[in-house]
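Student: Here is a sequence with its predicted model. Questions after.
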Amino acid sequence: MSEDKLQHIRHSLAHLLARSVLEYYPDAKLTLGPAVDTGFYYDIDFASSAKASGGGEESSFSDNDLKKIQKTMRKLLGSWNTFARVEVSVSEARKFFADNPYKLELIDGIEAAGESVSLYYSGPEDSIPTKDELLEAGSVVVGKGFVDLCRGGHVDNPAADIDAKSFELDSVAGAYWRGDEKNKMLTRIYGLAFSSSEELQEFKAQREEAKKRDHRKLGKELGLFTFSDLVGSGLPLFTPKGTAMRDAITKKISDIQSQFDYQRVTIPHITKPALYEKSGHWEKFREELFHVKGMESEFVMKPMNCPHHTQIYAAEMRSYRDLPLRFVENTMVYRDEQSGELSGLARVRSITQDDGHIFCTPEQMYGEIDQIITVIKEFYSALDMWQEDRFWVSLSVRDPETPGEYLGDNERWNEAEAALKKVAEEQNLSMKVVAGEAAFYGPKIDFMFYDALDRERQLATIQLDFVMPERFELKYTDENGDRQTPVMIHRAIAGSLERFMSVIIEHFAGDFPFWLAPVQLVFLPVSSDHEEYARDLARELKSAGYRVDVIAADDSLGKRIRNLHTQKVPAFAVIGDNEVNSNTVEIEKRSGDEKIKVARDEVADQLADWS
RNA sequence: GCCCGAGUAGCUCAGGGGUAGAGCAUUCCCGUGGUAAGGGAAAGGCCGGGGGUUCAAUUCCCCCCUCGGGCUCCA
């Protein structure tokens, strides 16, 4: 089936959904009902509606109502053998939808765009109303049929073109009218729809499968992190295993970028608000800061590191010979995110950034951006995530409609956007330009990956900033002895360690490569007689920097091996008489049934190969 | 923050207006075993917190907290 046809089916089903809802809630106000990637939805205002059969009580719509609506949809579908277009004038449309403010607003938009207004009747072919009948009756319900304001895109004959088992209603959600939180919240009913019932079932099975990879589930099962009600929501606590992973990640990044002369810096986690008043963050983000009261003065927890880092730059006179200066720091920032936004490690209130700020001349900016892209490429390639269908790149620029949200002059912005674009093109990054996604101080390149359920997660980022150096009056002396303002580049490779972990846990389904696994190798002594040999080995490897463990013979060997599998430990070695007598170790990789027998003093070399 | 839903043992879950249930994990005992669950016993609970209805609430109602699916936001 073509994509178009499937979209038409989905959109047609949105009409059918709306009609079926009106069967039970005749006063519900319909708004918009488009097709989406996995089906369709319709946004409906139930506020003033009473249930048709329920006697006027205040009604809200919940998951429990989906079943009966779905049943009605399937019943009506059999009689819906046509879609018919009815052209009306703007004033006729206004009259027809007089009691629906949402449709009236849409009609205003159609009029403003100079387009013609069309209604669509869907239902039994033998009851298609004439335009006059329709306007006379003034009701969107026409027998078993239904009339909606719509620009088209339906199947010709729903009864014949749509398999009643190929769709189902999925969930109820809230959604603001026109996506604006200042507007009223409507009830959104989501439906799933595919070209056949088999595809619908397959989608649902895949979704169930993906839930098994959910980092929140795996994080608990593998003992990587936890939350405590006493500590608070959005504040993850990392266990020794989770911390081992964090260390492995930051070490990998620092290994990759060691070729580029970064210098580590360290800053306090609080500051006077004055710092952010000067940077411009105060105005925009003061509501989302955590405030800390001292004896005499008030501080805020840092929500980002750039302003602090500018003060390290500003502490000395800088010459063009010093540039570029590259400061990096793995450090936690704190943001009072809206409670409804928090989600496992993907969105938290204590955020560890692998943050870096580069101060350079305008000429050096291109080379620096290029170099950062190289690091990002190398890092994500090492994780097998640098694949076309695994991520996309956003060139995040200003929204031309809201210039007031950005600081700095137009020319600088154009320059910055052009610079990012130029280098990214040279690096063969295919980017989507996304208006309105820029930071208030400059444009960015954002690297967007996906979680198990295909939700987008922004990880790596490169941000060009001409604004903050100016606001903080940062300077360097050029070769002519003149004072110049440096360019600042903000960059993060993992982005937030928490969010990064959420993505890779799901990417690997917890089955991490050797270098990343929280426990890399486990020794299993066959009996207590073999424990000493195992413990000595483990001690040696630990001091060589490997994460190894010994699991004593308290349980059967079979059981211990099974436990290693559920814990997804990448390698193990059974230690028995054979090994002790021959002074060897047989290491087994969990994947691929690979067994490698090595002399005892060669174990570390073998592990180095895998790292 | 907003809409809908959910919170029962460390974990996964069953139950239901009248003394709280299972499996796994934990602890102890037995077993000393060569590649995906050895056997036995014990312990473990303000049924998320607070209020209300009731002779009686883990169960019904309200508020709060936490979690999930969306919306909005994301320096």
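Tutor: All right, it came through fine.
Student: what are the ranges of the strands in the stretch 401-550 of chain A?
Tutor: Across the stretch 401-550 of chain A, reading from the start of the chain, the strands by DSSP state E, counting those that start in this stretch fall at A:431-435, A:444-450, A:456-465, A:476-477, A:483-484, A:487-496, A:521-525, A:548-550.
Student: does the helix or strand that the last one is followed by come close to RNA strand B?
Tutor: Same thing as strand A:548-550. Next in sequence after strand A:548-550, counting helices and strands by DSSP states H and E, comes helix A:557-566. Yes - if you take CB under 7 Å from any atom of the strand as the test, helix A:557-566 does meet RNA strand B, through A:L557, A:G558, A:K559, A:I561, A:R562, A:H565, A:T566. Glycine gets a C-beta too; all of them are placed from N, C-alpha and C.
Student: Check these for burial and list the buried ones.
Tutor: Members of the residues of helix A:557-566 next to RNA strand B that pass the buried threshold by neighbour count (16 or more other CB atoms under 10 Å) are listed as A:I561.
Student: So what's the residue count around A:M185?
Tutor: A:M185: 14 surrounding residues under other CB atoms under 10 Å.
Student: ok, it touching A:Y176?
Tutor: Yes - with contact taken as CB atoms under 8 Å, A:M185 and A:Y176 are classed as touching, separated by 5.6 Å.
Student: Now A:Y176. Its backbone dihedrals?
Tutor: With angles defined as degrees, to the nearest 10, A:Y176 shows backbone torsions of phi -70, psi 140.
Student: hmm, back to that, format the strands of the stretch 401-550 of chain A as JSON lines; extra columns: distance to A:G153 and mean neighbour count.
Tutor: As requested, those are arranged in JSON lines below (distance: least, CB to CB, whole Å; neighbours: other CB atoms under 10 Å):
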{"stretch": "strand A:431-435", "distance to A:G153": "24", "mean neighbour count": "14"}
{"stretch": "strand A:444-450", "distance to A:G153": "28", "mean neighbour count": "22"}
{"stretch": "strand A:456-465", "distance to A:G153": "26", "mean neighbour count": "22"}
{"stretch": "strand A:476-477", "distance to A:G153": "58", "mean neighbour count": "18"}
{"stretch": "strand A:483-484", "distance to A:G153": "56", "mean neighbour count": "14"}
{"stretch": "strand A:487-496", "distance to A:G153": "38", "mean neighbour count": "25"}
{"stretch": "strand A:521-525", "distance to A:G153": "58", "mean neighbour count": "24"}
{"stretch": "strand A:548-550", "distance to A:G153": "59", "mean neighbour count": "19"}
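Student: closest to A:C360 out of those?
Tutor: Across the strands of the stretch 401-550 of chain A, the minimum distance to A:C360, taken as CB to CB, is reached by strand A:487-496, at 5.6 Å.
Student: helices and strands around that closest one, which ones?
Tutor: With contacts defined as 3 or more CB pairs under 8 Å, 6 or more residues apart in numbering; DSSP states H and E, strand A:487-496 has these neighbours: helix A:240-257, helix A:306-313, strand A:350-360, helix A:365-382, strand A:456-465, helix A:467-471.
Student: Can stretch A:448-456 be said to contact RNA strand B?
Tutor: Yes - when contact is scored as CB under 7 Å from any atom of the strand, part of stretch A:448-456 falls within range of RNA strand B: A:L453, A:R455.
Student: again, but for stretch A:66-85
Tutor: No - among the residues of stretch A:66-85, none lie within reach of RNA strand B under CB under 7 Å from any atom of the strand; the closest is 9.2 Å away.
Student: how about A:L345, what does it touch?
Tutor: Counting by CB atoms under 8 Å, 6 or more residues apart in numbering, A:L345 makes contact with A:H215, A:R216, A:G219, A:F225, A:P236, A:E498, A:R499, A:M501, A:S502, A:I505.
Student: Looks like the second one contacts A:L342 (just checking).
Tutor: Okay, so that is A:R216. No - with contacts defined as CB under 8 Å, A:R216 does not count as touching A:L342, sitting 11.4 Å away.
Student: The nearest residue to A:V574 once chain neighbours are set aside and A:A608, how far apart?
Tutor: For A:V574, the nearest residue in space outside its immediate sequence neighbours is A:L524; the separation is 4.9 Å by CB to CB, 6 or more residues apart in numbering. Taking CB to CB, to the nearest Å as the measure, A:L524 and A:A608 are separated by 22 Å.
Student: what's the answer for A:G219, then?
Tutor: Here the distance between A:G219 and A:A608 works out to 29 Å (CB to CB).
Student: the more surrounded of those two?
Tutor: It is A:G219, of A:G219 and A:A608, that has more neighbours when counted by other CB under 10 Å, with 24 against 11.
Student: So that one is in contact with A:M245, correct?
Tutor: No - counting by CB under 8 Å, A:G219 sits too far from A:M245 to count as a contact (10.2 Å).
Student: For the stretch 401-550 of chain A, what lies in contact range of RNA strand B?
Tutor: Along the stretch 401-550 of chain A, the residues adjacent to RNA strand B under the rule CB under 7 Å from any atom of the strand are A:A439, A:F440, A:L453, A:R455, A:Q463, A:H490, A:P525, A:V526, A:S527, A:S528, A:D529.
Student: switch the cut-off to 6 Å
Tutor: Taking CB under 6 Å from any atom of the strand as the measure of proximity, the stretch 401-550 of chain A contacts RNA strand B at A:A439, A:L453, A:V526, A:S527, A:S528.
Student: Touching, the fourth one and A:S556? I think so.
Tutor: No - contact status for A:S527 versus A:S556: not in contact, 11.1 Å apart, counting by CB under 8 Å.
Student: Show me which of the two is the more surrounded one.
Tutor: Neighbours were tallied for A:S527 and for A:S556 using other CB under 10 Å; the higher tally belongs to A:S527 (12 against 9).
Student: Contacts only, for that one.
Tutor: Here A:S527 is in contact with A:A553, A:G576 (CB under 8 Å, 6+ apart).
Student: Now with 10 Å, please.
Tutor: A:A552, A:A553, A:L557, A:I575, A:G576, A:D577 (CB atoms under 10 Å, 6 or more residues apart in numbering).
Student: Much appreciated, bye for now.
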